[in-house]
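S.K.: Sharing a model prediction with you, sequence too.
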Amino acid sequence: FLCVMDGYGWQRHEPICNIPRLSRNQLRHHFGPVGLVTPLYHEPFIIYDNNNDNGDFSKLTQSGNITQNFEGGENFMLDLTSSNSFSEHKKRITLREYVDYSLSTEIHPHQLSNETYYLFGQTFTAPWIELLKSYKLPPCQTCTRDLSALAFGIGAKGSGVQWHFHGPGFSETLHGRKHWVLYPPDKKPKYDPDFTPLYWMEYSYPSIDSKPWECTVHQGEMIYFPDMWHHAIVNLDPYTVFVSTFTTEHGVFN
């Protein structure tokens with residue numbers, strides 16, 4: 001029995017979350033005072049009580065404040081990538097234009113992901129590095145500045161990156177909500193890399209027998225994604241903002 005919630009047919013009255021949710025205290029109880037240690041955990045989980053560690057950073061990245069963090073302000077240039085599995089197409093736009101776009105635009109299921117653009121993965125230049133110095137890293141032994149790479153993202157409602165995989169890490173939602181779907185490395189989902197994850201959720205998800213691990217990550221929460229797990233994300237709100245921390249399984253410590 002499906003109903004429309006936020007305009008999406010795949011969502012139910014009670015949104016599905018089959019991923020374990022841990023508070024900071026539960027995380028310390030399970031894994032110790034520093035959080036995850038190497039080798040990192042083999043299944044995803046969500047940290048829902050994040051003690052507002054990034055409350056100040058969240059204020060910096062509000063839609064009305066974010067342009068003030070960059071030289072050039074509203075005319076600061078962004079490099080967007082296409083939302084398909086390969087992120088192969090690029091587009092340049094001002095930060096103000098993209099913020100306005102993300103606040104006013106909704107991506108629909110039949111829009112092709114290789115024709116929709118997204119800020120994610122192109123935030124490694126000096127201005128972004130300077131902004132991200134204010135971001136407090138997730139609780140894990142290898143979540144240090146020298147062993148991690150940070151990526152900042154902004155998405156419109158209905159946007160997201162099609163199914164893909166990479167190394168382990170965390171993704172914290174700063175504004176809005178993100179619905180995550182994941183499969184273990186040995187269970188690759190069937191999908192068209194040039195269709196959107198929203199299309200997959202609307203037209204493939206309802207009929208598959210082996211449902212994914214999934215949950216909606218709310219503002220102030222973060223998800224841990226294990227090494228090489230397949231995953232896709234749908235942003236559920238206008239101006240959904242997040243930071244992903246890509247870390248390593250094998251840090252070297254004294």
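M.R.: Yes, it's here.
S.K.: Now do the residue nearest in space to the middle of the chain against Gly73, distance only.
M.R.: Centroid check for the chain by Cα atoms, centre = their mean gives Ser171 as the closest residue, at 5.1 Å. Distance of Ser171 to Gly73, computed by Cβ to Cβ, to the nearest Å: 27 Å. Yep, even glycine has a C-beta here, placed from its N, CA and C like the rest.
S.K.: before we move on, what about Met222?
M.R.: 29 Å.
S.K.: neighbour-wise, which of those two wins?
M.R.: Met222 (24 against 13; other Cβ atoms under 10 Å).
S.K.: from memory the more buried one sits against Gly169, does it?
M.R.: No - in this structure, Met222 is not within contact of Gly169 by Cβ atoms under 8 Å, at 9.9 Å.
S.K.: Quick check: beta-bridge partners of the residue nearest to the centre of the chain?
M.R.: Ile223, Ser244 (DSSP bridges).
S.K.: pretty sure it contacts His231?
M.R.: No - using Cβ under 8 Å as the test, Ser171 is too far from His231 to be in contact (9.4 Å).
S.K.: Between those two, which contacts overlap?
M.R.: 180, 225 (Cβ atoms under 8 Å, 6 or more residues apart in numbering).
S.K.: Flag the shaky bits of the stretch 101-250 of the chain, pLDDT-wise.
M.R.: Within the stretch 101-250 of the chain, the set of residues satisfying pLDDT under 70 comprises 249-250.
S.K.: Can you tell me which helices and strands the strand or helix carrying Gly153 packs against?
M.R.: Element membership of Gly153 [criterion: DSSP states H and E] is strand 149-155. Judged by 3 or more Cβ pairs under 8 Å, 6 or more residues apart in numbering; DSSP states H and E, the packing partners of strand 149-155 are helix 95-104, helix 126-132, strand 240-246.
S.K.: So which of the ones you listed is the most surrounded?
M.R.: Highest mean neighbour count of the helices and strands packed on strand 149-155: strand 240-246, a mean of 23 (counted as mean count of other Cβ atoms under 10 Å).
S.K.: How much space separates the residue nearest to the centre of the chain from Thr67?
M.R.: 23 Å.
S.K.: same thing with Thr245?
M.R.: As judged by Cβ to Cβ, Thr245 and Thr67 stand 24 Å apart.
S.K.: Kindly report the same for Glu221.
M.R.: Distance from Glu221 to Thr67, by Cβ to Cβ: 26 Å.
S.K.: what about these two, which has more around it?
M.R.: Glu221 (19 against 16).
S.K.: and the more buried one, what is it in contact with?
M.R.: 46-48, 50, 172-173.
S.K.: So which of those sit within strands?
M.R.: 46-48, 172-173 (DSSP state E).
S.K.: and which of these is nearest Thr144?
M.R.: Comparing the ones in strands among the contacts of Glu221 against Thr144 with Cβ to Cβ places Glu172 closest, at 16.3 Å.
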